[in-house]
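Trainee: 3D, please:
(chains A and B)
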Protein chains: 2
Amino acid sequence: MGGDFGPIVTVPAVLNSLKLHPQLNVVLFGDEEKLSAELTKYPSVASNRLRIEHAPESVLMDESPKQALRGKKKSSMRLAINALKEGQVDACVSAGNTGALMATARFVLKTIPGIDRPAILSAFPTMGGTARVLDLGANVDCTTEQLFQFAVMGSVLATAMDAIDKPRVGLLNIGEEEIKGNKQVKDAAIKLNRNPYINYIGFVEGSDIYSGKADVIVCDGFVGNIALKASEGMAKMISYYIRKAFSETWYAKLGAFFSYKALKRIGMRLDPRRYNGASLLGLKGIVIKSHGSADVYAYATAIEQALKEIELNLPKRIAERVELIMSEEAKYV
Amino acid sequence: MGGDFGPIVTVPAVLNSLKLHPQLNVVLFGDEEKLSAELTKYPSVASNRLRIEHAPESVLMDESPKQALRGKKKSSMRLAINALKEGQVDACVSAGNTGALMATARFVLKTIPGIDRPAILSAFPTMGGTARVLDLGANVDCTTEQLFQFAVMGSVLATAMDAIDKPRVGLLNIGEEEIKGNKQVKDAAIKLNRNPYINYIGFVEGSDIYSGKADVIVCDGFVGNIALKASEGMAKMISYYIRKAFSETWYAKLGAFFSYKALKRIGMRLDPRRYNGASLLGLKGIVIKSHGSADVYAYATAIEQALKEIELNLPKRIAERVELIMSEEAKYV
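Mentor: So this is what the prediction gives:
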């Protein structure tokens, strides 16, 4: 039910995914009437692998996590996460209210032992390939310990998803020199430096999110969210000025004609929809957050992310790695 | 002496500015021998408006602010700021070590009454015009009070520089809802909301740095620095992929030929060199920080910024406004 568009987007996205993955089964949690009405638009539905679980409520986009958690116990979001907890489904995908999703998932599923708070991780295109950045907004203030845990989780995900043996982990800071940054970041650097199971490459700067210098970039959720959105804003502005420039002169219009395919390729390479589907890492279960403004293609990408994490059994991998690394850490305490 | 290139850049930039501004007088602080050698490369020097003040030391780019402040009392940076303090010059421009420049300026010049710590402000291109963002890295952790002071200073600068009567001031946050963000940001919002002398428009997100929604955007130095560099990184990546795409096919090369002028116009519009020259606001004196990697054109832009602030008598304007606003604030305490 969530996101800016609700079932108009989520239903066709699910149907596309069902076509693509014959082993996939989907339960749609939400208003049965609305979901059924949407489904009737598509006659060739793989109905034996799709069912609706009616939810009488849904969490609004501007509700506080507390309101959602306490007041909406029969929301589509809550019922979906309950089903995940009870093992009826293997992963949960939502385009709904991020704060509410995080709070509900944390309350119902609980975190993996050794993880204080879950983090939101997403993939970013770089000049070399892909970087994974966390946290993107789940935790506004982070302790040293949390930053360290994010590094461990990001590392496991990069190894599992991108088959990188020793992912390069960088800590986001305002300079590369050891003297720079706030206390949490400096202390996290000490912990990461001494741990043999993490390939820590040192401080990285904001520009390194896109430079390809690191496979995993760790920061608190306030900084991560703003870095992500600031660069989105920059990309939008550049694209605005490119479109404007290409329509200004006859000569430029000709240029646009010949450049069309090349520019389209860049658009596809950097298309944020290709990177949709952020992982809520550190939970005892797979929860994927789609962007609220996702269209059918983007929402299907979020479902792909859920499928990959199921295949890789990501929460179990993280739990094992956390246990190993924490026992290493215990030597220093 | 500062920056990545030293006198090779600063000397010709100064000579260009002297040509452009007949009323300008410049004192070059630094190694006399090196500066003289550089000056001899340019025969037509306006020598009556330019003199060298020998400094036996210079602050290195990787020195800590403490080292610079205590150990380099005869550095070019220190002598220039001393001269500003003593009224021998009206403004100081440096491409040197930012932390050292900030610490030295603060120690020698002191802050304006009512301002706890200076902030670094820079202009950014937006879809509409220009936005001023502060702090960009002087203060890694900021109190509510400091964020409020940044809003006041940014407001004064936008009014003076851009002739905006009531600059729209936004607080950088991870969402526009009142419930979001950390404690400092939420409390600063309360203070800004109730003050009739500030046109506070509420929380803005990272993407709004470039959207044109606000004239002044306030954040702590850690967040501001990373937002700035993340978007620089995004811009670099886009430009990398555009160049790549334009060289891949014969068709795209033709497109590049016809688009050349249009793309060049965008490049000029968004050229970071046009925005070089960050203001160290809140000091009893005008100090402008040029980017370390500035070329001659960019460094001359930083000198322009200094000239504008002298003309506008910016520190005095800030002091007056701070006094007025603080007396308003006192009503609430």
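Trainee: neighbours of whichever residue of the stretch 1-150 of chain A sits closest to chain B, just the number please.
Mentor: Closest to chain B within the stretch 1-150 of chain A is A:V140: 4.5 Å, counting by Cβ to the nearest Cβ. Quick note: C-beta positions are derived from backbone N, CA and C, even for glycine. Using other Cβ atoms under 10 Å in any protein chain shown, A:V140 has 19 neighbouring residues.
Trainee: cool, and the one 3 residues further on?
Mentor: Counted with other Cβ under 10 Å, the burial measure for A:T143 works out to 16 neighbours.
Trainee: any idea how far the closest residue to it other than its chain neighbours lies from A:N193?
Mentor: Of all residues not flanking A:T143 in the chain, A:Q184 sits nearest, at 6.2 Å (Cβ to Cβ, 6 or more residues apart in numbering or on different chains). The gap separating A:Q184 from A:N193 is 15 Å, by Cβ to Cβ, to the nearest Å.
Trainee: these two: who's more crowded?
Mentor: Between A:Q184 and A:N193, counted using other Cβ under 10 Å, A:Q184 has the larger neighbour count: 19 against 11.
Trainee: tell me the contacts of the more buried one?
Mentor: With contacts defined as Cβ atoms under 8 Å, 6 or more residues apart in numbering or on different chains, A:Q184 is in contact with A:142-144, A:147, A:220.
Trainee: how about it, phi and psi?
Mentor: phi -60, psi -40 (degrees, to the nearest 10).
Trainee: which bits of the stretch 1-150 of chain A sit near chain B?
Mentor: Residues of the stretch 1-150 of chain A lying near chain B by Cβ under 8 Å from any Cβ of the partner chain: A:62, A:64, A:99, A:125-127, A:137, A:140-141.
Trainee: coming back round to it: how about CSV for the contacts of A:Q184, with pLDDT added?
Mentor: CSV is the format used below for the contacts of A:Q184 (pLDDT from 0 to 100):
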residue, pLDDT
A:C142, 90
A:T143, 93
A:T144, 94
A:L147, 96
A:D220, 92
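Trainee: can you give the contact residues for stretch A:56-71?
Mentor: A:1-2, A:4, A:30-31, A:72, A:74-78, A:96-97, A:99-100, A:102-104, A:107, A:292, B:177, B:179.
Trainee: buried only: go through those residues for me.
Mentor: A:1-2, A:30-31, A:72, A:75-78, A:96-97, A:99-100, A:102-104 (16 or more other Cβ atoms under 10 Å in any protein chain shown).
Trainee: picking that back up, out of the residues of the stretch 1-150 of chain A next to chain B, which sit inside helices?
Mentor: A:G99 (DSSP state H).
Trainee: of the residues of the stretch 1-150 of chain A next to chain B, keep whichever come out buried.
Mentor: A:64, A:99, A:125-126, A:137, A:140.
Trainee: wait, A:V93 touches A:E304, no?
Mentor: No - using Cβ atoms under 8 Å, A:V93 makes no contact with A:E304, being 9.8 Å away.
Trainee: settle it for me: which of those two has more neighbours?
Mentor: A:V93 (26 against 17).
Trainee: give me the number of residues near the closest residue in space to A:G114 that isn't next to it in sequence?
Mentor: Once flanking residues are discounted, A:G114 sits nearest to A:V322: 4.2 Å by Cβ to Cβ, 6+ apart. Using other Cβ under 10 Å, A:V322 is surrounded by 21 other residues.
Trainee: also A:K166?
Mentor: With other Cβ under 10 Å as criterion, A:K166 counts 12.
Trainee: distance check, it against A:L15.
Mentor: In terms of Cβ to Cβ, A:K166 sits 40 Å off from A:L15.
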